[in-house]
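A.B. asks: give me coordinates for this.
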Amino acid sequence: MLMKTKFHVALIAALMASSGATVAAARDLVLANEGGFPPYNMTKADGTLEGFDIDIGMSICKIIGANCTWVTNEWSGIIPALMARKFDVIIGGMGITDERRKTVVFSEPYARTYSFFGVVEGKELDVTPKGLAGKIVGVQQGTTNAKFIEANYPDTKLQLYPSMDTLTADLKIGRVDAVFGDVEPFTGDKGDGPKLVEIGEPVAVSEGIGMAFRPDDISLRDEFNKALGQMKSDGTWKTLSEKWGIPVYE
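C.D. replies: Next up is the predicted model:
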């Protein structure tokens with residue numbers, strides 16, 4: 001009888017431990033981006049998000065057993081909002097830089113991207129610092145692209161925009177001479193005005209694209225890194241990269 005009682009106690013303890021582990025694994029996390037940086041993140045007509053960031057984030061959440069929801073935040077204030085604990089992770093096409101590392105910790109890169117100059121077709125320019133002297137170049141504020149133009153084009157007039165959508169809209173109507181940023185948002189004939197084209201050579205303005213965490217969330221960062229590694233091993237990352245036209249790298 002005593003043996004049976006001990007067995008039942010041990011069984012209950014094991015079940016409670018198992019239940020506790022399940023509850024811990026199913027914690028809630030809030031993920032953030034700006035919702036306007038295709039193909040990484042875009043806001044659909046119904047207000048929901050789609051894009052490479054969204055698919056990567058939800059795949060990781062499934063692997064680590066977390067219940068994840070998404071919010072959007074203006075890009076220029078997204079790191080302060082992370083530090084204010086308005087959400088847990090930034091997955092928003094964010095370039096990894098030493099300057100940002102002063103505030104946040106990054107995951108391993110989940111993408112590598114390049115920036116280009118873009119213009120209205122037929123209005124191509126010399127995109128050297130000399131060629132763009134006195135010209136107006138639009139960039140999204142708070143980005144590595146803005147830092148690059150500031151550092152390398154001292155005689156160029158820099159026009160800052162809150163989003164790529166407003167930036168490209170002004171390019172189309174001639175308020176800026178060129179834009180600088182990731183190529184996808186402003187190239188191609190989308191039937192909504194003049195065709196926009198990329199010019200010049202691709203420019204690497206960061207060490208890659210990473211997920212950003214608060215410095216006191218190293219363990220969470222490590223979980224995301226492990227899950228990302230699993231996705232790269234099992235082919236999920238490559239499938240999602242090809243789905244959204246993100247360059248696949250080794």
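A.B. asks: which helix or strand lies directly C-terminal to the worst-scoring helix or strand of the chain on mean pLDDT?
C.D. replies: Considering only helices and strands, the least confidently modelled element of the chain by mean pLDDT, DSSP states H and E is helix 2-25, at a mean of 46. Note on helix 2-25: by DSSP states H and E, the next helix or strand toward the C-terminus is strand 28-33.
A.B. asks: and that following strand, average pLDDT?
C.D. replies: For strand 28-33, the mean pLDDT works out to 98.
A.B. asks: just the residues contacting that strand, thanks.
C.D. replies: 40-41, 49, 53, 57, 61, 66-73, 78, 81-82, 86-93, 220 (CB atoms under 8 Å, 6 or more residues apart in numbering). In this view, the C-beta of every residue, glycine as well, is placed from N, C-alpha and C.
A.B. asks: what are the buried residues along it?
C.D. replies: 29, 31-33 (16 or more other CB atoms under 10 Å).
A.B. asks: and what of stretch 195-207?
C.D. replies: Taking 16+ other CB under 10 Å as the basis for neighbour counts, the residues of stretch 195-207 that come out buried are 196-198, 200, 205-206.
A.B. asks: nearest to residue 171, of the residues you listed?
C.D. replies: Proximity of the buried residues of stretch 195-207 to residue 171 (CB to CB) peaks at residue 196, which lies at 6.6 Å.
A.B. asks: who does the closest one form a beta bridge with?
C.D. replies: When bridges are called by DSSP bridges, residue 196 pairs up with residue 120, residue 188.
A.B. asks: surely it and residue 122 touch.
C.D. replies: No: distance between residue 196 and residue 122: 10.7 Å, which falls outside the contact criterion (CB atoms under 8 Å).
A.B. asks: can you pull the domain assignment for this structure?
C.D. replies: Residue ranges of the domains in the chain are recorded as 24-112+207-244, 115-203, according to automatic domain parsing.
A.B. asks: and the last one, how far apart are its ends?
C.D. replies: Domain 115-203 stretches 5 Å from its first residue to its last (CA to CA, to the nearest Å).
A.B. asks: all strands for the chain, in order.
C.D. replies: All strands of the chain, identified by DSSP state E, fall at 28-33, 36-37, 41-43, 49-50, 67-72, 89-95, 105-106, 115-120, 136-140, 157-161, 178-182, 196-203, 209-213.
A.B. asks: distance to residue 249 for those strands - can I get that in TSV?
C.D. replies: Formatted as TSV, the strands of the chain follow (distance: least, CB to CB, whole Å):
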stretch	distance to residue 249
strand 28-33	21
strand 36-37	19
strand 41-43	20
strand 49-50	23
strand 67-72	25
strand 89-95	15
strand 105-106	16
strand 115-120	16
strand 136-140	23
strand 157-161	29
strand 178-182	15
strand 196-203	14
strand 209-213	11
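A.B. asks: quick one, which of these is nearest to residue 229?
C.D. replies: Across the strands of the chain, residue 229 has its closest neighbour in strand 209-213 (13.0 Å, CB to CB).
A.B. asks: residues in contact with the closest one?
C.D. replies: Against strand 209-213 from outside (CB under 8 Å, 6+ apart): 40, 57, 79, 82, 88-91, 93-96, 100, 104-113, 220-221, 224.
A.B. asks: buried ones only from those, please, as a ChimeraX command.
C.D. replies: Selecting in ChimeraX just the buried members of these, where the criterion is 16+ other CB under 10 Å, is done with this command:
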select :40,57,79,82,88,89,90,91,93,94,95,96,100,104,105,106,107,109,110,111,112,113,220,221,224
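A.B. asks: so what pLDDT did the residue nearest to residue 203 when sequence neighbours are not counted get?
C.D. replies: Distances taken as CB to CB, 6 or more residues apart in numbering put residue 115 closest to residue 203, at 4.9 Å, once the chain neighbours are dropped. At residue 115 the predicted local distance difference test score is 88.
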